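Chemist: model this:
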Amino acid sequence: MRFLLATLCLFYSATAWPFSISLQQGDEIRWANASIEYELQEDGSDDLEDGSDLGAIRSAVKSWNNVACSSLELIETGTGQGTDTIAITGELDGINRLTWVEDERWPYGSLVLGAATPIYDADGLIVEADITLNGYSASW
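Modeler: Numbering: from 1, shown residues only. From the prediction side, this is the model:
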């Protein structure tokens, strides 16, 4: 009975998996290189002044980079003041950016904490990906 219940739970929650692999004309969406550079917003969230937000991001990146079965490495190139991301402007700027949007430019609902917006070419290679975090209607 427990096995049946567990199987049914997995069957009905199949659409709620935390990730998926997208295909573009049969090609897997992927990075061209195993080392991905990104810029971190130097101010972080307006809600935290002690730097714990940036520390949490850096700790998460370190954990990601230490996954034994992954060859992908995230490399922080530094910090910046820019908060324009693909989600905000709809335009590429050549920088993979992780930032908080603290004003009415936040394009999603109040329950969305963040969004990753990868942009890829016709061959499925990711050319830029930004992570935009909700500092407008969410408190960190």
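Chemist: Let me know how buried Ile95 is, in neighbour terms.
Modeler: By other CB atoms under 10 Å, 15 other residues sit near Ile95. To be clear about C-beta, it is placed using only N, CA and C from the backbone, and glycine gets the same treatment.
Chemist: mind checking pLDDT for it?
Modeler: Model confidence at Ile95, given as pLDDT, is 97.
Chemist: which residues in the chain form strands?
Modeler: Under the criterion DSSP state E, the chain contains strands at 23-24, 27-28, 30-31, 35-41, 73-80, 97-101, 114-120, 125-134.
Chemist: for the fourth one, which positions count as buried?
Modeler: This points to strand 35-41. 38-41 (16 or more other CB atoms under 10 Å).
Chemist: outside of that strand, which residues touch it?
Modeler: 54, 57-58, 72-83, 95-100 (CB atoms under 8 Å, 6 or more residues apart in numbering).
Chemist: still on that earlier bit, could you say which of the strands of the chain is packed most deeply?
Modeler: strand 97-101 (a mean of 23; mean count of other CB atoms under 10 Å).
Chemist: List of residues touching stretch 129-140?
Modeler: Residues outside stretch 129-140 that contact it (CB under 8 Å, 6+ apart): 45-48, 53, 85-88, 95-106, 108-110, 112-119.
Chemist: In CSV, list the C-alpha atoms belonging to it.
Modeler: The C-alpha trace of stretch 129-140 is given here as CSV (Å, rounded to 0.1, in the frame of the first residue of the first chain):
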residue,chain,number,x,y,z
ALA,A,129,21.6,34.4,-18.3
ASP,A,130,20.6,36.8,-15.6
ILE,A,131,19.1,36.1,-12.2
THR,A,132,16.7,38.8,-11.0
LEU,A,133,15.5,38.7,-7.4
ASN,A,134,12.4,40.4,-6.1
GLY,A,135,13.3,43.2,-3.7
TYR,A,136,10.2,45.1,-4.6
SER,A,137,7.4,43.1,-3.0
ALA,A,138,9.4,40.5,-1.0
SER,A,139,11.5,41.1,2.1
TRP,A,140,14.8,39.3,2.4
